[in-house]
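Trainee: Got a predicted structure plus its sequence, pasted below:
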Amino acid sequence: MTPPLSYRLRTATTTDAPALARVHVTSWRETYAGLLPDDFLPRMTDEAMRERREANWQRTIAEGQELVLVGEREGEVLAFASAGPPRDHPGVDAELYTLYALKGVQGLGLGRALLVEVARQLCEQGHRSLALWVLDVNPTRAWYARQGGREDGVKRVPLPGGELREVRLVWDDLAGLR
């Protein structure tokens, strides 16, 4: 049996950008291998993409328009989540943009803790509901449903040579996500 994970949640700082990019790219590799078109995943997880993600996280955190939280153990970022205004979720107050955890810590409660903390902070800001898009073949789709998210729509994302399908999950009452 794996011992419980000892971690700390905190607000991300600009100095976390390299770690966020590392977790972001690594999580994509671990989660989407075999689930995405063969040429798509390497482009989304190569060194150039890691550098772009690092710059994007640096900018996002510096601008302060999104809630960005990290889960860390002994100073190492193992997971993160970000949320903010909804981009394409009519009737929903906030959107969960990202929630990524390294495979080695999945199933130990860190993702749930980040989701609950995001919900708590969004409630404090006056938000009542939350939505996210998740790839239809993503194994965490079922996890989000177990956390109380209900499926509410599908969108297609065109790619060269194909498309991805994403499913919207919605929490109508953030106060219940505790």
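Mentor: Yep, it's here.

Trainee: would you say H127 is within a helix?
Mentor: No. Applying DSSP: H, G, I helix; E, B strand; the rest coil, one finds H127 to be coil, outside a helix.

Trainee: any idea how far R165 is from the residue lying closest to V137 once chain neighbours are set aside?
Mentor: Of all residues beyond its chain neighbours, the one nearest V137 is L35 (4.7 Å), with distances taken as CB to CB, 6 or more residues apart in numbering. Glycine gets a C-beta too; all of them are placed from N, C-alpha and C. According to CB to CB, to the nearest Å, L35 and R165 sit 11 Å apart.

Trainee: list the residues that contact both of these two?
Mentor: By the contact definition CB atoms under 8 Å, 6 or more residues apart in numbering, L35 and R165 are jointly contacted by L135, V137.

Trainee: which of those two has more neighbours?
Mentor: Shown here are L35 and R165; by other CB atoms under 10 Å, L35 has more neighbours (14 against 11).

Trainee: how about that one, secondary structure?
Mentor: Under three-state DSSP, L35 falls in the coil class.

Trainee: can you start the count at 21 instead of 1 from here on
Mentor: Right, with 21 as the first residue, what we last looked at is L55.

Trainee: any idea of the pLDDT on it?
Mentor: Looking at L55, its pLDDT reads 74.

Trainee: Against L130, how distant is it?
Mentor: In terms of CB to CB, L55 sits 22 Å off from L130.

Trainee: Quickly list what L89 is bridged to.
Mentor: T31, A101 (DSSP bridges).

Trainee: In this structure it contacts R30, no?
Mentor: Yes. The criterion here is CB atoms under 8 Å, and L89 meets it with R30 at 6.9 Å.

Trainee: lowest-confidence helix or strand of the protein?
Mentor: Ranking every helix and strand in the chain by mean pLDDT, DSSP states H and E puts helix 60-65 at the bottom, with a mean of 69.

Trainee: Following element in sequence after that helix, please.
Mentor: Per DSSP states H and E, the first helix or strand lying C-terminal to helix 60-65 is helix 67-83.

Trainee: so where's this structure shaky on pLDDT?
Mentor: Along the chain, segments meeting pLDDT under 70 span 21-25, 57-58, 61-62, 180-181.

Trainee: Look up how far D66 lies from L152.
Mentor: 25 Å.

Trainee: same deal with N76?
Mentor: From N76 across to D66, the span is 15 Å (CB to CB).

Trainee: again with G104
Mentor: To D66, G104 is 27 Å away according to CB to CB.
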